[in-house]
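Visitor: 3D model of this:
(one chain, ligands or ions: 1)
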Amino acid sequence: MEYRKIGKWGIRVSEIGLGSWLTYGQSVSESESAKQIEYAYQYGINFFDTANVYGLGSGEEAVGKALHKFRRDSYVLATKLFFPMGDGPNDRGLSRKHIFEQCESSLRRLKTDYIDIYQCHRYDPDVPLFEIVRAMDDLARQGKILYWGVSEWSSKQIEAAVDTAKGMNALPPISNQPRYNMLQRDIEEEVIPTCKKLGLGQVVFSPLAQGVLTGKYAIDKPLPEHSRAADNRLSGFIRQSLTRENLLLVEELKAIANELNISMVQLALAWCLRLPEISSTIIGATSINHIEDNQKASGLKIPREVLDRISDFLNNRVMSHK
Ligand SMILES: NC(=O)c1ccc[n+]([C@@H]2O[C@H](COP(=O)([O-])OP(=O)(O)OC[C@H]3O[C@@H](n4cnc5c(N)ncnc54)[C@H](OP(=O)(O)O)[C@@H]3O)[C@@H](O)[C@H]2O)c1
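Guide: Okay, the predicted model is just below:
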């Protein structure tokens, strides 16, 4: 496993990170969740991502339980807040009140004294940036978080957060967690260059487009049993990307993976990691085999000539999402 710095900052994360949305503490049983997280850790994955809202706390609990047995300084734990955790008027968003209260709840569920990267799951237009930056900076000064980051913020919002922090002599966000994969590349135009200029690294989510880029979904074939797309409780988002155009494209990408003698998954992850601005690709997994296959993408260099071909190919095709 290879490790990268997050932007200009000192902390290093594994090129393949492991997330827990829809999986650990939710669709994957508690004992199996622990097995998979431990397996990933043994393989050198040191970056684990979760969120308070995943299973309304059960995702964090599963991750905390599994990692608890390892030395705390040997892994980087990231969680998030923003989405509603209850029905009350203060049970959501990025107010100082909610940030402080959710940080305490996350620490308890994660069985730890500190969070390495505390991420704002979305931008909150109802809270002044000053309030958010001050709350994050105070948590950092208290030692409850080491760094903070954002997720799915626009380049303008990220720029404003860094400016605000500078004006307050406070800790700025160090990372951005956007969606990024061969089928969804919107961050290339503005978000990546802005973050590069400001020193933030990208820890990208859904690098396999939730499984579409594994090659296991095929045109006119039934959905594979036990897959995310086949489960009505989990398929809300993935189904939007399971279009005929995307599946045709994956078929062609599979041929390139075959040429290189690597799996489609490894091609998709190594393609994200071709950019030095990507600090980590946060994968999801529902079996140990997934982790074993996916972690092999770390350190894999796709030849320049093949990258150029992929780039021409992706630029000339229309990706479609319903
Ligand atoms: N910040 C945000 O708003 C946000 C949003 C989404 C996700 N995230 C983070 O990013 C993480 C990853 O997201 P994601 O789960 O969408 O990532 P992904 O890696 O694109 O998709 C993961 C899914 O693909 C399938 N898969 C993975 N490896 C496979 C393999 N080798 N062979 C066959 N199938 C394979 C599995 O689904 P099945 O086995 O179930 O088919 C797995 O759960 C999340 O856990 C979360 O931590 C953050």
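
Visitor: Tell me, how many residues neighbour the residue in the stretch 51-200 of the chain that the ligand sits nearest to?
Guide: Proximity of the stretch 51-200 of the chain to the ligand (Cβ to the nearest ligand atom) peaks at Ser151, 3.9 Å away. Glycine gets a C-beta too; all of them are placed from N, C-alpha and C. Using other Cβ atoms under 10 Å, the number of residues around Ser151 comes to 22.

Visitor: Could you do Gly25 as well?
Guide: Using other Cβ under 10 Å, Gly25 has 25 other residues around it.

Visitor: How is the closest residue to it other than its chain neighbours assigned, secondary-structure-wise?
Guide: When the adjacent residues along the chain are set aside, Gly25 lies closest to Ala62, with 3.1 Å between them (Cβ to Cβ, 6 or more residues apart in numbering). With DSSP: H, G, I helix; E, B strand; the rest coil as the basis, Ala62 sits in helix.

Visitor: next one: stretch 95-112 to chain centre, how far?
Guide: Offset of stretch 95-112 from its chain centre (Cα atoms, centre = their mean, to the nearest Å): 20 Å.

Visitor: what about that stretch, near the ligand?
Guide: No - counting by Cβ under 6 Å from any ligand atom, the ligand has no neighbours in stretch 95-112; the shortest distance is 13.6 Å.

Visitor: So which bits of the helix or strand hosting Ile132 are buried?
Guide: Using DSSP states H and E, Ile132 sits within helix 129-141. The neighbour-count check on helix 129-141 (16 or more other Cβ atoms under 10 Å) flags Leu129, Glu131, Ile132, Val133, Arg134, Ala135, Met136, Asp137, Asp138, Leu139, Ala140 as buried.

Visitor: possible to save the residues you listed as JSON lines with distance to the ligand and pLDDT?
Guide: Putting those into JSON lines (distance: Cβ to the nearest ligand atom, whole Å; pLDDT from 0 to 100) gives the following:
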{"residue": "Leu129", "distance to the ligand": "19", "pLDDT": "98"}
{"residue": "Glu131", "distance to the ligand": "21", "pLDDT": "98"}
{"residue": "Ile132", "distance to the ligand": "16", "pLDDT": "98"}
{"residue": "Val133", "distance to the ligand": "20", "pLDDT": "98"}
{"residue": "Arg134", "distance to the ligand": "23", "pLDDT": "98"}
{"residue": "Ala135", "distance to the ligand": "19", "pLDDT": "98"}
{"residue": "Met136", "distance to the ligand": "17", "pLDDT": "98"}
{"residue": "Asp137", "distance to the ligand": "22", "pLDDT": "98"}
{"residue": "Asp138", "distance to the ligand": "23", "pLDDT": "98"}
{"residue": "Leu139", "distance to the ligand": "19", "pLDDT": "98"}
{"residue": "Ala140", "distance to the ligand": "21", "pLDDT": "98"}
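
Visitor: on that earlier part again, distance of the residue of the stretch 51-200 of the chain closest to the ligand from Pro207?
Guide: 14 Å (Cβ to Cβ, to the nearest Å).

Visitor: Nearest to Ser235 among the buried residues of helix 129-141?
Guide: Ile132 (33.1 Å; Cβ to Cβ).

Visitor: Chain neighbours aside, what residue packs nearest to the closest one?
Guide: Leu94 (5.0 Å).

Visitor: before we move on, the earlier item: reformat the buried residues of helix 129-141 as CSV; add distance to Leu171.
Guide: Compiled in CSV, these are given as follows (distance: Cβ to Cβ, whole Å):
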residue, distance to Leu171
Leu129, 13
Glu131, 15
Ile132, 12
Val133, 8
Arg134, 10
Ala135, 11
Met136, 7
Asp137, 5
Asp138, 10
Leu139, 9
Ala140, 5
